[in-house]
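# what would the 3D arrangement of this be:
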Amino acid sequence: MQQQMSLITLGIAELTRSRRFYVEGFGWKPVFENPEIIFYQMNGFMLATWLNGALEIDMKRTSLARRGAFAMAHNVGALGDVQPTIDRLAQHGGRILRAADAPSHGGFRGYIADPDEHAWEIAWNPSWPISPEGYVTFGT
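Have a look, this model is predicted:
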């Protein structure tokens, strides 16, 4: 089977609040949106933010979220971009979980939660180059 990911869907409480974080905070552009869901074209996959109730109906499940069960990451090109990115996201509805610092394994990182408490690591790793298309390569 091909090792790839097509889509990550995040359950959210309010589309407008979530849109502000991703569009104004990250600067991402939706490729599709309606009153329930927004899709963002990423580097090789899609990210969706979908109202919790509609996502639960689609999956035939309830109580989908468990806070802190996972973290997503957004790598930046320079150490000096980590804290300003976290600060910008906080200005657009995010909540800082951990200010940027240097972990023992190297690099520089901090954490922020989106308005629905999905955790994002904002990181710089000198061993993970980022291509012009936004692809990150492990340990080169």
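# could you point out the longest helix of the chain?
With DSSP state H applied, the helix covering the greatest number of residues in the chain is identified as helix 82-91.
# ok, and what's touching it?
Contacting residues not belonging to helix 82-91 are listed as 21, 25-26, 74, 76, 94, 96, 99-100, 108-112, 114, 120, 122-124 [C-beta atoms under 8 Å, 6 or more residues apart in numbering]. Where C-beta positions appear, they are placed from N, C-alpha and C, glycine not excepted.
# which is the succeeding secondary structure element to that helix?
Tracing the chain past helix 82-91, the next element assigned as helix or strand by DSSP states H and E is strand 95-101.
# now that next one: how far from the chain's centre is it?
14 Å (C-alpha atoms, centre = their mean, to the nearest Å).
# returning to what we had before: buried subset of the contacts of helix 82-91?
With burial judged by 16 or more other C-beta atoms under 10 Å, the buried subset of the contacts of helix 82-91 is 21, 25-26, 74, 76, 94, 100, 108-112, 114, 120, 122-124.
# which elements pack onto the least confident helix or strand in the chain by mean pLDDT?
Of all helical and strand segments in the chain, the minimum by mean pLDDT, DSSP states H and E falls on helix 52-59, at a mean of 91. Using 3 or more C-beta pairs under 8 Å, 6 or more residues apart in numbering; DSSP states H and E, the elements in contact with helix 52-59 are strand 7-12.
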